[in-house]
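1. using only what follows, build the 3D model:
(one chain, ligands or ions: 2)
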Amino acid sequence: MPVHVRAEPGDFAESVLLPGDPLRAEYIARTFFESPRLVTRERGMLGYTGSYRGRPVSVQATGMGCPSAAIVVEELVQLGARNLLRVGTCGGYHRELQLGDLVVATAAAPQDGTVSSLTRGVPYAPAAHFDVVHAAYHAAERSGRRTFMGPVVSSDLFYDPVEDPAGLWSRLGVLAVEMEAAAIFTIAAMRGARAGCLLTVSDTIGEEVVRISDEDLRAAVDNMVELALDTLHGLN
Ligand SMILES: O=P(O)(O)O[C@H]1O[C@H](CO)[C@@H](O)[C@H]1O
Ligand SMILES: O=c1cc[nH]c(=O)[nH]1
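-> Ligands and ions are numbered 1, 2, ... in the order given. Okay, here's the model as predicted:
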């Protein structure tokens, strides 16, 4: 049994949704899964398994930041997980992004300490697995939802003291900032698993930072989770 995700092989499905927030994990399981079962609650990092349209699926909280996500993903792979799909929130850097929009991350610039520790500082480009991006693209197209596909940046900082992070990153074509995808993509690649990342824009970051209302966030997350479950369903 792993040290942190305290469960046995077979407790998790091969496909796992990965929100940062443990309460979002509980909400997803109770709202979207058939017959959800709590499989781990160690450190409050809730994990559930149930089914969706008759197929087994799990959801496991990663906590915030790459170090925490790295531990969780390593242990999920030890437990048999093969398809890992982050369902998170992000700050929009791209000017066209609006609150509640959906971002499918194709890559994650590793502005964190975890990925460089794993690569011993060797330059590396953490990327989502093509199969997951492909399935997410088609699920988004079917949903008709306003969706942006492209790179994001995974930062160690939520409160970034840099004057204009949006200016720098959007000039580089980076759509949004979040805090876990780079580590999830890297560990999945190292361990032969397939990872992807869907994000709801909860903040827009420009000259000022604007935060989504709780009600609008709930609705946008519901949409994202439906799309995530369709994405996993579309993977063979
Ligand atoms: O909404 P989640 O999945 O937690 O993701 C984002 O929200 C947290 C910061 O508020 C970080 O974990 C960031 O990546
Ligand atoms: O990491 C994150 C997540 C949401 N909003 C942000 O500004 N940053």
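
2. packing partners of the helix or strand encompassing residue 201?
-> According to DSSP states H and E, residue 201 maps onto strand 194-205. Applying 3 or more C-beta pairs under 8 Å, 6 or more residues apart in numbering; DSSP states H and E, one finds that strand 194-205 contacts strand 83-92, strand 102-111, helix 130-143, strand 176-178, helix 181-191, strand 209-211, helix 214-234. Heads up, the C-betas are built off the backbone N, CA and C, glycines and all.

3. Throw these into a markdown table and include mean neighbour count, thanks.
-> Output for the helices and strands packed on strand 194-205, formatted as a markdown table (neighbours: other C-beta atoms under 10 Å):
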| stretch | mean neighbour count |
| --- | --- |
| strand 83-92 | 26 |
| strand 102-111 | 24 |
| helix 130-143 | 18 |
| strand 176-178 | 26 |
| helix 181-191 | 25 |
| strand 209-211 | 12 |
| helix 214-234 | 18 |
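
4. so how far is ligand 2 from whichever residue of the chain sits closest to ligand 1?
-> Closest approach between the chain and ligand 1, counting by C-beta to the nearest ligand atom: residue 20, at 2.2 Å. Separation of residue 20 from ligand 2 (C-beta to the nearest ligand atom, to the nearest Å) stands at 8 Å.

5. pick out the residue nearest the middle of this structure.
-> Centroid-nearest residue in the chain: residue 86, 2.1 Å away (criterion: C-alpha atoms, centre = their mean).

6. surely it and residue 184 touch.
-> Yes - counting by C-beta atoms under 8 Å, residue 86 touches residue 184, with 5.6 Å between them.

7. find residues that contact each of those two.
-> Jointly contacting residue 86 and residue 184 under the rule C-beta atoms under 8 Å, 6 or more residues apart in numbering are 18, 62, 195, 197.

8. what does the chain put close to ligand 1?
-> Taking C-beta under 6 Å from any ligand atom as the measure of proximity, the chain contacts ligand 1 at 19-21, 64, 88-89, 158, 178-180.

9. farthest-separated two in these?
-> By the measure C-beta to C-beta, 19 and 158 form the most distant pair in those, at 15.8 Å.

10. the two - which one has more neighbours?
-> residue 19 (27 against 12; other C-beta atoms under 10 Å).

11. need the phi and psi values for the more buried one.
-> phi -80, psi 160 (degrees, to the nearest 10).

12. quick revisit: possible to save the helices and strands packed on strand 194-205 as TSV with mean pLDDT?
-> What follows is the helices and strands packed on strand 194-205, written out as TSV (pLDDT from 0 to 100):
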stretch	mean pLDDT
strand 83-92	98
strand 102-111	98
helix 130-143	97
strand 176-178	98
helix 181-191	98
strand 209-211	97
helix 214-234	97
